[in-house]
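> A structural model of the following input is requested.
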Amino acid sequence: MADTASIDAAMRAATSDGMVAGVVAMACSADGLLYEGSFGTADLATSAPMQPDAIFRLASMTKAITSAAAMRLVEEGRLSLDAPIGDVLPHLAARQVLDGFADDGTPRLRPAVGEVTLRQLLSHSAGYSYEFWNADYSRMCNGLGIAALPGSHEELARIPLLFDPGTAWNYGINTDIVGYAIEAATGQELGAYLREAITGPLGMDDTTWALTEAQKPRVVGTHQRQPDGTLVPTNRPPPKGPGFLAGGGGLLGTAADYLRFLRMLLNGGTLDGATILRPETVAAMGRNQLGSIPVTPMRTAMPMLSYDVDLFPGTTPGWSLAFLTNPEPGPHGRPAGSLAWAGMLNTYYWLDPSNGLAGVVMTQSFPFADPHALGLLAALERGVYAGR
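Next up is the predicted model:
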């Protein structure tokens, strides 16, 4: 049994002293729920209390769901892990790579050595980036007059790579392209395919790009950490959908919904009679894909949006077909070989296949990698493993 009292105490303390506005935390085994708690306020602008069914901007927690959908298509032979992604998306063939900057700051480009593959996209080794953690990427996009965070498939297709495919790791818009490949392979809009293949069968009814009128009051407000450590509401509007659906971000959902997705993975691809993936596919999704290529710390280029990100300091994590992997045991109970990731507004999860455990912590504030939010993740993890 989880040490629910210690988890409650940590969550209550963080929200009572204002270091976190509000939080929903949940944990499960493969068999069912181990812990659930909601604390604090959903929005400092209204003082509305946080509720267990609050809806959060999942941001990059979208990536694992999109990755699972892509792997389902790999099972069916409609996508290939190692064929050029240009076979599915012809205008993404023959990529250009940044080759430094001219004296006047103009980006220099050259043809890429090798083609981008789905495996590289899923493992963030294709050469794409985010402007939040890479100043060269932002400088390149500005110099070329293109959007660093694409808002359409056309903008996505114009973005060059930072390095030759498969030669390094860099977290970025890779999973947006995976979503685009899913649409090309299925002939369906990404949201429709995810509902058909993942969220619908799992009963994840609150996981969506387009909120209903009934769902909108449950959306948690966003907040910004100030230099003095306080939080202020920012009233960031939720995504409207439909439109360009980025496979790397943009979904909204509840902690309970996301825990169902994680339980499906803990059960080898099946939950409550719904089979989403084969067991061997789930196992493959948990294996490091980078070989000797290191996952390096993500140094912020936009401090208002993210702190530096180094979730396992002193180690060299890997990246699987969907998740960050830790090669050594974590400090709070997580064993080596566990899987994890997060969303930009300080939502986090981990998945421990060896012990059949998973946990989710959801808040809504910038910058990402907030020490207070990470402290709540650590408290949940310690409480869950205390019962082992």
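> Would you check that residue 218 makes contact with residue 56?
No. Assessed by CB atoms under 8 Å, residue 218 is found out of contact with residue 56, at 9.6 Å. Backbone N, C-alpha and C define where each C-beta goes, glycine included.
> Looking only at neighbour counts, state which of these two leads.
Using other CB atoms under 10 Å, the more surrounded residue of residue 218 and residue 56 is residue 56, with 29 against 17.
> which residues pair with that one across the strands?
Applying DSSP bridges to residue 56 gives these bridge partners: residue 253.
> OK, contacts around it?
The neighbours of residue 56, taking CB atoms under 8 Å, 6 or more residues apart in numbering as the test, are 24, 219, 220, 252, 253, 254, 255, 343, 345, 347, 362, 364.
> For the second one, give me phi and psi.
Right, residue 219. Dihedral pair for residue 219: phi -80, psi 130, per degrees, to the nearest 10.
> and it, bridged to which residues?
Counting by DSSP bridges, residue 219 forms beta bridges with residue 55.
> and it, what is it in contact with?
Listed by CB under 8 Å, 6+ apart, the contact partners of residue 219 are 54, 55, 56, 57, 211, 238, 252.
> Please apply the same query to residue 100.
Taking CB under 8 Å, 6+ apart, we find residue 100 in contact with 107, 108.
> Need the pLDDT of the residue nearest to residue 388 when sequence neighbours are not counted.
Nearest non-adjacent residue to residue 388, counting by CB to CB, 6 or more residues apart in numbering: residue 355, 6.7 Å away. Listed pLDDT for residue 355 reads 97.
> Also residue 33?
The per-residue pLDDT reported for residue 33 equals 97.
> mind checking which helix or strand the nearest residue in space to it that is not next to it in sequence is in?
Nearest in space to residue 33, with sequence neighbours left out and distances taken as CB to CB, 6+ apart, is residue 26 at 7.0 Å. Assigned by DSSP states H and E, residue 26 belongs to strand 22-29.
> Select the longest strand from this protein.
strand 33-43 (DSSP state E).
> what are the C-alpha coordinates of it, in CSV please?
Output of strand 33-43 as CSV, limited to C-alpha atoms (Å, rounded to 0.1, in the frame of the first residue of the first chain):
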residue,chain,number,x,y,z
LEU,A,33,-5.8,2.9,-8.3
LEU,A,34,-3.2,3.3,-5.4
TYR,A,35,-3.6,7.0,-4.7
GLU,A,36,-5.7,10.0,-5.7
GLY,A,37,-5.6,13.5,-4.3
SER,A,38,-6.5,17.0,-5.3
PHE,A,39,-5.3,20.1,-3.4
GLY,A,40,-5.2,23.9,-3.6
THR,A,41,-6.9,26.0,-6.2
ALA,A,42,-7.6,25.4,-9.9
ASP,A,43,-7.1,29.1,-10.7
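> related to what we said a few turns ago, quick one: which of the contacts of residue 219 is the most crowded by neighbours?
Most surrounded of these: other CB under 10 Å gives residue 56, at 29 neighbours.
> separation between it and residue 340?
From residue 56 across to residue 340, the span is 17 Å (CB to CB, to the nearest Å).
> now swap in residue 316 and tell me
15 Å.
> Could you tell me the angle between the strand holding residue 26 and strand 33-43?
Taking axes from the mean of the first three to the mean of the last three CA atoms, to 10 degrees, strand 22-29 and strand 33-43 form an angle of 170 degrees between their directions.
> Please write out the alpha-carbon positions of strand 22-29 in CSV.
Presented in CSV, the C-alpha positions along strand 22-29 are these (Å, rounded to 0.1, in the frame of the first residue of the first chain):
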residue,chain,number,x,y,z
GLY,A,22,-3.1,23.5,-7.1
VAL,A,23,-2.4,19.9,-8.0
VAL,A,24,-4.0,16.6,-8.9
ALA,A,25,-1.8,13.5,-8.2
MET,A,26,-2.6,9.9,-8.9
ALA,A,27,-0.8,6.6,-8.8
CYS,A,28,-1.7,3.1,-9.8
SER,A,29,-0.6,-0.5,-10.2
